[in-house]
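Asker: coords please:
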Amino acid sequence: MDAQTPAALSKQATPWRLLALLMAMTAIGPATLNILVPALPGLIVQLDTDTGTVQLTLSLYLLSLATAQLLLGPLSDRFGRRPVVLAGLTLAVAASLAAIATASIGALIGARIVQAVGASTGIVIGRAIIRDLYERDRAAAMIGLITTAMVIAPMIAPLIGGILDTAFGWEAIFIFLALFSGAVLLWAIVVLPETRPASVAQAPARLGQEWRALLASAKFHGYVLCGALGSAPFFTFLGGGPHVVVTLMGRTSAEFGVWFAITSLGYMSGNFTASRLSQRFGVDWMIVAGIAFELIGASLTAVLVALMPEAGPAIIFLPQLVISYGNGLLLPNAIAGAVSVRPQAAGTASGMTGFAQMAVGAASTQVVSVLLASADTAMPMAWMMLIAVVATGAAYGVLVRR
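Answerer: Residues are numbered from 1 along each chain as shown. Here you go, the predicted model:
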């Protein structure tokens with residue numbers, strides 16, 4: 001296998017070949033989630049189902065994507081990163097091929113659940129691989145680059161899905177996913193080394209001790225909460241923004257899409273800044289900086305909504321640029337901090353961190369939709385984002401700083 005050893009990789013300034021692979025692995029999960037969205041109306045007719053049932057192809061996929069990380073992380077600690085990655089990618093390919101042959105909505109939902117388990121491999125183990133190769137602050141810089149894929153993939157995937165569905169039918173979407181996942185699988189076979197340190201215990205009893213020590217660490221829980229609660233303002237905006245813009249402000253969904261694409265630049269800029277400065281200033285300082293930017297953006301949202309409720313989408317989208325930038329600073333550093341508390345259990349830590357982020361995100365989107373149902377302005381959304389940022393600061397101060 002033409003792959004460098006972990007020691008050799010860790011001495012390079014930036015191992016771009018491995019980094020590109022990890023970005024591709026990470027992109028599979030969010031791309032597979034969003035690429036099916038344009039085909040959902042057609043699936044209702046073609047598979048003779050209803051809107052609520054076909055929506056399960058998204059909601060159960062997201063739930064499976066989150067919970068699978070709790071399993072895959074510990075498996076990578078026990079059996080190694082490489083075999084779990086290859087098995088997960090193989091599962092993603094097989095599930096995509098199985099989806100093509102489905103003739104009922106129930107079978108398609110089942111294929112999507114299996115697909116999510118395989119697709120989550122890149123997200124959870126990619127972070128553990130980075131921590132295997134680099135010390136904490138350098139790992140944060142690398143994770144900042146990799147998480148950019150989780151922004152770009154959801155932006156591009158619906159466009160690809162819409163084109164494929166219109167031109168060839170919904171089955172073409174899963175053919176594309178099978179080819180994409182298969183290409184990444186072959187790439188991983190050639191490039192991906194085993195990065196789990198030799199010092200990591202492989203015996204189940206020893207691993208159990210490491211996991212218990214991880215769960216007993218207040219600092220670990222602090223970093224996990226910083227990552228999850230720090231992402232809550234984004235998910236709150238994701239769940240409430242369309243209602244505010246389209247329903248309350250009377251604007252079009254196309255206008256919302258344009259504004260939302262602009263705000264994603266804030267997160268990407270934050271990721272890039274983290275990749276450049278985390279190693280220089282350290283994980284904790286970058287988390288504090290991220291919280292500060294999010295606090296400024298959330299406070300500005302509340303002020304503008306209170307003083308200028310009729311001013312249009314700019315009153316929520318411009319502050320969201322600041323919030324997204326802060327999230328881009330905070331998240332990769334919180335992840336790096338969490339997986340560095342017990343490097344011997346980096347896979348487990350990565351899985352727990354990813355699950356917590358997605359669980360809090362899902363709850364945020366649901367709660368804000370309920371709060372906005374009877375509201376006349378975006379104020380419930382603004383307050384919810386502000387409360388989430390304050391809770392992030394409290395988690396850092398009480399658990400991490402201690």
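Asker: now name the helix or strand holding the spatially closest residue to Leu185 that is not a sequence neighbour.
Answerer: Distances taken as C-beta to C-beta, 6 or more residues apart in numbering place Leu89 nearest to Leu185, at 4.0 Å, with adjacent residues excluded. The way it works is simple: take the backbone N, C-alpha and C, and place the C-beta from them, glycine included. Assigned by DSSP states H and E, Leu89 belongs to helix 81-100.
Asker: how about that helix as PDB, C-alpha atoms only?
Answerer: What follows is helix 81-100, C-alpha atoms only, in PDB (Å, rounded to 0.1, in the frame of the first residue of the first chain):
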ATOM      1  CA  ARG A  81      -9.400   3.500  12.400                       C
ATOM      2  CA  ARG A  82      -8.700   2.000   9.000                       C
ATOM      3  CA  PRO A  83     -10.800  -1.200   9.100                       C
ATOM      4  CA  VAL A  84     -13.800   0.700  10.500                       C
ATOM      5  CA  VAL A  85     -13.500   3.400   7.800                       C
ATOM      6  CA  LEU A  86     -13.300   0.800   5.100                       C
ATOM      7  CA  ALA A  87     -16.300  -1.200   6.500                       C
ATOM      8  CA  GLY A  88     -18.400   2.000   6.900                       C
ATOM      9  CA  LEU A  89     -17.700   3.200   3.300                       C
ATOM     10  CA  THR A  90     -18.500  -0.300   2.000                       C
ATOM     11  CA  LEU A  91     -21.800  -0.200   3.900                       C
ATOM     12  CA  ALA A  92     -22.600   3.200   2.300                       C
ATOM     13  CA  VAL A  93     -21.900   1.900  -1.200                       C
ATOM     14  CA  ALA A  94     -24.100  -1.200  -0.600                       C
ATOM     15  CA  ALA A  95     -26.900   0.800   0.900                       C
ATOM     16  CA  SER A  96     -26.900   3.200  -2.100                       C
ATOM     17  CA  LEU A  97     -27.100   0.300  -4.500                       C
ATOM     18  CA  ALA A  98     -29.900  -1.300  -2.500                       C
ATOM     19  CA  ALA A  99     -31.900   1.900  -2.600                       C
ATOM     20  CA  ILE A 100     -31.900   1.900  -6.400                       C
END
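Asker: what lies in contact with it?
Answerer: 25, 28, 32, 72, 75-76, 108, 111-112, 114-115, 117-122, 125, 128-129, 132, 171, 174-175, 177-178, 181-182, 184-185, 188-189, 192-196, 347 (C-beta atoms under 8 Å, 6 or more residues apart in numbering).
Asker: same check, this time on stretch 356-376
Answerer: Contact with stretch 356-376 is made by 62-63, 65-66, 69, 224-225, 227-229, 231-232, 234-236, 238-240, 243-244, 248, 331, 378, 380-381, 384, 388, as judged by C-beta under 8 Å, 6+ apart.
Asker: pull the number of nearby residues for Thr53.
Answerer: 15 (other C-beta atoms under 10 Å).
Asker: Gly162 versus that one, what's the distance?
Answerer: Distance, Thr53 to Gly162, using C-beta to C-beta, to the nearest Å: 21 Å.
Asker: so where's the stretch 1-150 of the chain uncertain?
Answerer: 1-14 (pLDDT under 70).
Asker: I appreciate the help and will end here.
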